[in-house]
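Participant: can you look at this prediction? I've put the sequence above it.
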Amino acid sequence: MDSTPATATSPEGQTEKPVVVVCVGMAGSGKTTFMQRINAHLHAEKEPPYVINLDPGVTHTPYASNIDIRDSINYKKVMEEYKLGPNGAIMTSLNLFTTKVDQVLTLLEKRAAPDPEHPARKPIKHILVDTPGQIEVFVWSASGNILLESLASSFPTVIAYVIDTPRSRSTSTFMSNMLYACSILYKMRLPMIVVFNKTDVADASFAKEWMTDWEAFQEALDKEQNNNAFGGQEGEGSGSGYMGSLLNSMSIMLEEFYNHLSVVSVSSLQGTGIDDFFQAVKEKADEFKRDYQPELDRRRAAREENREKERQKELEKMMKGMAMDTTASTSAVGDIKPEDDDMEVLSPDEESDDEMDDEQDREGLQARYEAATLHQEESTTAEASFVKYLHSQRG
Ligand SMILES: Nc1nc2c(ncn2[C@@H]2O[C@H](COP(=O)(O)OP(=O)(O)OP(=O)(O)O)[C@@H](O)[C@H]2O)c(=O)[nH]1
């Protein structure tokens, strides 16, 4: 697949790419309600987004998706056929969907560019992605990694980490949430916006203060310790002792992390704060282009180089057998001209007939899959069986 970033041309003649907003958050944080709200906001602005649902287990989404994992993967059947529990089935469904990632990108790139056949149809400006509530399944799986890297290799991509504000009011739950956000940032290596949701129930100013003023966090911590919030011996306000000092140290450690975040307060239910969110999206998309894109390009180039070296080795072996010089150029062989692969529907039954392309896609996917699992200490059974599945498809 062509890895040249997809572009659309603005009326001023400048090139623009749609921004991908990937919504992640713990179950019940309000991700889906938030997706519905930002989707409605963009429709009201006459800039309808392209919506992708990656949650195979969701029974109902309050917004229409352009691509829905449930259209091509039957989560219940995956559970039955592979004899998996709910989380294993979500992971396997994502793995199976990942085999279609190049088709997804083709569709997105089409919608990102002006369509000469439909001049009235504006190129999209936003791609919204909803993810499974089982956050770790997406964040820590190789397929989540591939999906995100694939999106980020074509479009500016930002993470919206949705937090349930009322449930983060104590210093310990707040810190747990921040540590989770921190791990996601380092795992995904993409710009992040922290979205404090449900602010109609609890104002998020306390959280913003804790993130910018270490003493304010310390004060709240002291107050909780005095109320014996962390347990310990009765009458001794400092609780079990280590909790308070651990939280304190972590807040100091996270200062650098906080500096890399955009923070917004919203109520997905009432619709407040959504303009601020889109302002943050714009800023983070610029940051992506400035700081993240070069690193992604470097990683992709390294991967391509490795693949090219492997291919060259194979070719040399083959040519040796035929006693030919692989470096000599010949006019007898022209460039391969890709045929127009105008694929509109994402369905397992309607794949391209071109087996060579399929083979290359599978090899590319397998290389990405193996690269994604390489730095993980243990690949899960679901992932291991998926790699096996890819091998069997090649054979
Ligand atoms: N008060 C209030 N409730 C909200 C808000 N956003 C979401 N909720 C409620 O929070 C609950 C969970 O919302 P969802 O949007 O389903 O959360 P989710 O993160 O998608 O949940 P999973 O599908 O389990 O991942 C629902 O009862 C929503 O009505 C908000 O801004 N304010």
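Facilitator: Great, that's in hand. Everything quoted here is computed from the prediction, not taken from an experiment. Residues are numbered from 1 along each chain as shown.
Participant: from here on, contacts and neighbour counts on C-alpha atoms
Facilitator: OK.
Participant: show me the shaky parts of the stretch 101-250 of the chain.
Facilitator: Counting by pLDDT under 70, the stretch 101-250 of the chain contains low-confidence ranges at 228-241.
Participant: tell me the residues of it that contact the ligand?
Facilitator: With the criterion set to Cα under 6 Å from any ligand atom, the stretch 101-250 of the chain comes near the ligand through Pro132, Gly133, Asn197, Lys198, Asp200, Val201.
Participant: show me the beta-bridge partners of the third one.
Facilitator: For Asn197, the beta-bridge assignment (DSSP bridges) gives partners Asp164.
Participant: got the contact list for it?
Facilitator: Shown in contact with Asn197 (Cα atoms under 8 Å, 6 or more residues apart in numbering): Ser29, Gly30, Val162, Ile163, Asp164, Thr165, Ser265, Val266, Ser267, Ser268.
Participant: among these, which ones are in strands?
Facilitator: Per DSSP state E, strands hold the following members of the contacts of Asn197: Val162, Ile163, Asp164, Ser265.
Participant: out of those residues, who has the most neighbours?
Facilitator: Among the ones in strands among the contacts of Asn197, the one with the most neighbours (other Cα atoms under 10 Å) is Val162, at 28 neighbours.
Participant: how would you label Pro56: helix, strand or coil?
Facilitator: Three-state call for Pro56 (DSSP: H, G, I helix; E, B strand; the rest coil): coil.
Participant: per-residue pLDDT of it, please?
Facilitator: pLDDT for Pro56: 90.
Participant: measure it to Lys77 for me?
Facilitator: As judged by Cα to Cα, to the nearest Å, Pro56 and Lys77 stand 11 Å apart.
Participant: list of residues touching stretch 161-170?
Facilitator: With contacts defined as Cα under 8 Å, 6+ apart, stretch 161-170 is touched by 23-26, 28-31, 173-174, 177, 181, 192-199, 201-204, 206-207.
Participant: how about TSV for the residues of the stretch 101-250 of the chain next to the ligand, with distance to Tyr82 added?
Facilitator: As requested, those are exported to TSV (distance: Cα to Cα, whole Å):
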residue	distance to Tyr82
Pro132	19
Gly133	21
Asn197	36
Lys198	38
Asp200	43
Val201	42
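Participant: most neighbours of all those, which one?
Facilitator: Using other Cα under 10 Å as the neighbour criterion, Asn197 leads these with 29 neighbours.
Participant: in the stretch 51-200 of the chain, which spans are helices?
Facilitator: Using DSSP state H, counting those that start in this stretch, the helices of the stretch 51-200 of the chain run over 69-72, 75-82, 86-98, 101-112, 135-139, 142-154, 171-188.
Participant: of these, which is nearest His41?
Facilitator: helix 101-112 (19.5 Å; Cα to Cα).
Participant: tilt between the closest one and helix 142-154?
Facilitator: Interaxial angle, helix 101-112 versus helix 142-154 (axes from the mean of the first three to the mean of the last three Cα atoms, to 10 degrees): 30 degrees.
Participant: output the contacting helices and strands for helix 101-112.
Facilitator: The helices and strands touching helix 101-112, judged by 3 or more Cα pairs under 8 Å, 6 or more residues apart in numbering; DSSP states H and E, are helix 142-154.
Participant: C-alpha coordinates for the helix it packs on, CSV please?
Facilitator: The C-alpha coordinates for helix 142-154 follow below in CSV (Å, rounded to 0.1, in the frame of the first residue of the first chain):
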residue,chain,number,x,y,z
ALA,A,142,-0.5,-5.8,18.9
SER,A,143,-3.5,-5.2,16.7
GLY,A,144,-4.4,-2.0,18.6
ASN,A,145,-0.8,-1.0,17.9
ILE,A,146,-1.0,-1.8,14.2
LEU,A,147,-4.3,0.0,13.8
LEU,A,148,-3.0,3.1,15.5
GLU,A,149,0.3,3.1,13.6
SER,A,150,-1.5,2.6,10.3
LEU,A,151,-3.8,5.5,11.0
ALA,A,152,-0.9,7.7,12.2
SER,A,153,1.2,6.8,9.1
SER,A,154,-1.5,8.4,6.9
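Participant: low-confidence ranges, the stretch 251-395 of the chain, go.
Facilitator: In the stretch 251-395 of the chain (pLDDT under 70), the answer is 318-319, 321-395.
Participant: show me which residues of it sit near the ligand.
Facilitator: Residues of the stretch 251-395 of the chain found near the ligand (Cα under 6 Å from any ligand atom) are Ser267, Ser268, Leu269.
Participant: and the last one, how far from Glu209?
Facilitator: Leu269 sits 24 Å away from Glu209, taking Cα to Cα as the criterion.
Participant: how about Glu304?
Facilitator: When distances are taken as Cα to Cα, Glu304 and Glu209 turn out to be 45 Å apart.
Participant: and for Pro294?
Facilitator: The value you get for Pro294 to Glu209, if Cα to Cα is used, is 33 Å.
Participant: Pro191 now?
Facilitator: Distance of Pro191 to Glu209, computed by Cα to Cα: 21 Å.
Participant: neighbour-wise, which of the two wins?
Facilitator: Under the neighbour definition other Cα under 10 Å, Pro191 and Glu209 were set side by side, and Pro191 has more, 24 against 13.
Participant: please name the nearest non-neighbouring residue to that one.
Facilitator: Closest residue to Pro191 apart from its sequence neighbours, by Cα to Cα, 6 or more residues apart in numbering: Val158 at 5.2 Å.
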